Every structure is written in structure tokens, then in C-alpha cells.
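1. Provided below are the primary sequence and the corresponding predicted coordinates.
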Amino acid sequence: MATGNSDPKELGVFLKARRADLEPLQVGLPDPGNQRRVAGLRREEVAQLAAISTDYYTRIEQGRMQASLPVLEAIARALRLNSDQRTYLFELAGRTPGGQPAPSGREVTEHCRRLLDQLTESPALILSDTMDVLAWNRLAAALLTDFAQVPEADRNYVWLLFNDPALRELYGDWTAGAHACVAYLRMHTARRPDDPRLKRLLARMTHHADFQHWWTTREVAVQGTGNKIFHHPVAGTLTLDWDTLTSSTAPDQHIVVWTAQSGSPSQKGLRILAATAAPQAVPAPALNGSTHEDLA
């Protein structure tokens, strides 16, 4: 089913990038030797693997023809696309079954905020599709950064990851984490390529060489689950698993929760962090000058 969100130009660039990743021997074609001027598969080889004509494939890659669902499936198999890349291909072609729901905006529901607050031993925050930080709990602020002190225009996880030295130092493997965030953003462009927040973010990231390089490779990924190591100045080294939950009422908002294995040093570290992040207890005023011991 067509969605109306097709982007033929980006589809062509994405297909070129993916066939450049493959060599003939990887897909069962004869070794051509050293006769190639460029690396990767040629258009005619992709067409051969997909069992379509070279002219048909060329028209698709050049944005002059919309591919049918069976042809897209064949191209995805020919290029050995993983599930995320396949989803991106179909979205670029405007062929995602069922379409995409309309954006729900930046308003976070009260029950989602309550959920964050009640996660007292797990850092958690809510991200938009463009990785704007929409809400967070006290422990996420203690682990990552005090988001309340960050100007709203800069309150984007990708922006902070590339521009906040303290957050960058926190990551045990900053390159892997930042690279993954760029892949999540690239995935979003196929769903809503005209998203103004995404365009503003991309315009602000032009001076980051790493970001620009990863963006042009067109690697894509879906936020799901994973593992990260943080080197925190208070809690020490934390090895945390993260999971992403999506609200059915706000499908463009994603709750990211970090947890530690039970009984692990990382769980103890999170508890230390939670203790430092907890609000200071304020004693209730005594009645008529009496002490609390007098009232016990």
C-alpha cells in the first residue's frame, strides 16, 4: 500500500550505497577480477539477482519509476538488506503497509510522566522521533545531564551527544553510541522527510565531520534494545541494558529505560546515584515549638 511519503531521490542514493557495500562473491556471482573501476555491485548485477531487467532497476534507482511490492522485496533480498534497511527501503518507496500515524506532538501525558517518576532505580527519559528529550526522571538527569538547565533548543539527545563534552566523556564507547543515534535519525527521514525539527537539527550538525560522514553512509536502525557502559564521576563504571517502549497513544514518543542486572556492581552504582539525586528531606514544622521527639 502506498503512503504518499515516497522519496525517489533518497531511494536511489540509498540503493547505490547498499550495492556499494557488496562484492560479487558475497552474493554468489563470479569474481570479476580487477577489471572494476568502482567497488560494489553494478546495476545489472542487482537486476540479475532480483530477476528484473537492468532497465527496470535503473529506472527505480534513478527515481523514474515506482517499484511494486514484489520488486521491492526482490531488491531487498538481492542487496541482503537487514530488517531495518528493508523497512527504510519500503518507506522511501512509499510502500509501507498501513501508512504512518500522524505525529502526536511534544506533549507528554500525565501518566507517562508519573511512570518516569516512579522508576526510582532506573534512569528513564522520553524521546521524540527526532530524539528531542521531552521528559526525564531524576535519575536520568543524575546519570546523563541536568536537562532542566539545557536550553530547550539544545535539548536533543543527538545534539548533546556531539556537543556536550561531559556527556561525551560519560560514554564508554562514544563512537558506537553516536553512530547508532545517527542511524536512528536516518530511519526517521523515510517516515517524515519534511519534519521541520529534523531539518533544523541537520542544519545545526553540518560542522560535525563524524555526523556528516555517518549521515551520508545511510546506515539505518530502529531503536529497540542494547547495552551501554558509562563512566560516571559519582557512581563509577556502570554497565546498563536499555530498552525502548513506545506508547500506543503517542507512537512518535519513545520511553528509554536503563537497567542493571540484579545484585551487580552497576545496580549498586545506580542506587548510589539515586541517593545523591533524591530530594533533600524537609522536616515538618513542630507544633507550638515542640520537638518531633516530644510529639512521638
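-> Everything's here; your move.
2. which residues touch G40?
-> Applying CB atoms under 8 Å, 6 or more residues apart in numbering, we find G40 in contact with R19, A20, D21, L22, E23. Any C-beta I mention is one placed from the backbone N, CA and C, and that applies to glycine too.
3. make JSON lines out of those and add neighbour count, secondary structure and distance to A274.
-> Conversion of the contacts of G40 to JSON lines gives the following (neighbours: other CB atoms under 10 Å; DSSP: H, G, I helix; E, B strand; the rest coil; distance: CB to CB, whole Å):
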{"residue": "R19", "neighbour count": "22", "secondary structure": "helix", "distance to A274": "49"}
{"residue": "A20", "neighbour count": "13", "secondary structure": "helix", "distance to A274": "47"}
{"residue": "D21", "neighbour count": "16", "secondary structure": "coil", "distance to A274": "44"}
{"residue": "L22", "neighbour count": "19", "secondary structure": "coil", "distance to A274": "48"}
{"residue": "E23", "neighbour count": "14", "secondary structure": "coil", "distance to A274": "51"}
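4. and which of those residues is nearest to Q62?
-> R19 (13.6 Å; CB to CB).
5. which SSE is the residue lying closest to A51 once chain neighbours are set aside in?
-> Leaving aside its sequence neighbours, A51 sits nearest to A74 (CB to CB, 6 or more residues apart in numbering; 6.1 Å). In the assignment (DSSP states H and E), A74 maps to helix 69-78.
6. touching that helix from outside, list them.
-> In contact with helix 69-78 (CB under 8 Å, 6+ apart) are residues 15, 27, 46, 49-52, 56-57, 60, 67, 85-86, 89-90, 93, 95.
7. what comes up buried for it?
-> V71, L72, E73, A74, I75, A76, A78 (16 or more other CB atoms under 10 Å).
8. quick one: L119 from S6, how far?
-> 40 Å (CB to CB, to the nearest Å).
9. next: M205.
-> 25 Å.
10. R200 now?
-> 23 Å.
11. neighbour count winner among the two?
-> S6 (20 against 13; other CB atoms under 10 Å).
12. mind checking how far the nearest residue to that one once chain neighbours are set aside is from A50?
-> Spatial nearest neighbour of S6, chain neighbours left out: G94 (3.0 Å); criterion: CB to CB, 6+ apart. Distance, G94 to A50, using CB to CB: 19 Å.
13. again, but for L160
-> Shown here: L160 relative to A50, a distance of 41 Å by CB to CB.
14. compute the mean per-residue pLDDT across stretch 80-99, please.
-> Across stretch 80-99, pLDDT averages out at 80.
15. show me the contact partners of it.
-> Contacts of stretch 80-99 (CB under 8 Å, 6+ apart): 1-8, 10-11, 14-15, 18, 22, 26-27, 66-67, 69, 72, 75-76, 79, 100, 183, 186-187, 190-191, 220-222.
16. do the same with stretch 156-165
-> Identification of contacts with stretch 156-165 by CB under 8 Å, 6+ apart yields 127, 130-133, 145, 150, 154, 167-168, 171, 174, 177-178, 181-182, 185, 201, 204-205, 208, 210-211.
17. okay, and which of these map to helices?
-> L167, R168, W174, G177, A178, C181, V182, L185, L201, R204, D210, F211 (DSSP state H).
18. and which of the residues you listed is nearest D241?
-> G177 (14.0 Å).
19. looking at the protein, which strand is longest?
-> strand 236-246 (DSSP state E).
20. any idea which helix or strand comes after that strand?
-> Using DSSP H and E, the helix or strand that follows strand 236-246 in sequence is strand 253-259.
21. report the mean confidence score over that next one.
-> What strand 253-259 shows for mean pLDDT is 93.
22. for it, which strands pair with it and how are they oriented?
-> The strands that strand 253-259 pairs with in its sheet are strand 124-128 (antiparallel), strand 236-246 (antiparallel) (by DSSP bridges).
23. including mean neighbour count and distance to C112, could these go into JSON lines?
-> What follows is the strands paired with strand 253-259, written out as JSON lines (neighbours: other CB atoms under 10 Å; distance: least, CB to CB, whole Å):
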{"stretch": "strand 124-128", "mean neighbour count": "24", "distance to C112": "6"}
{"stretch": "strand 236-246", "mean neighbour count": "16", "distance to C112": "10"}
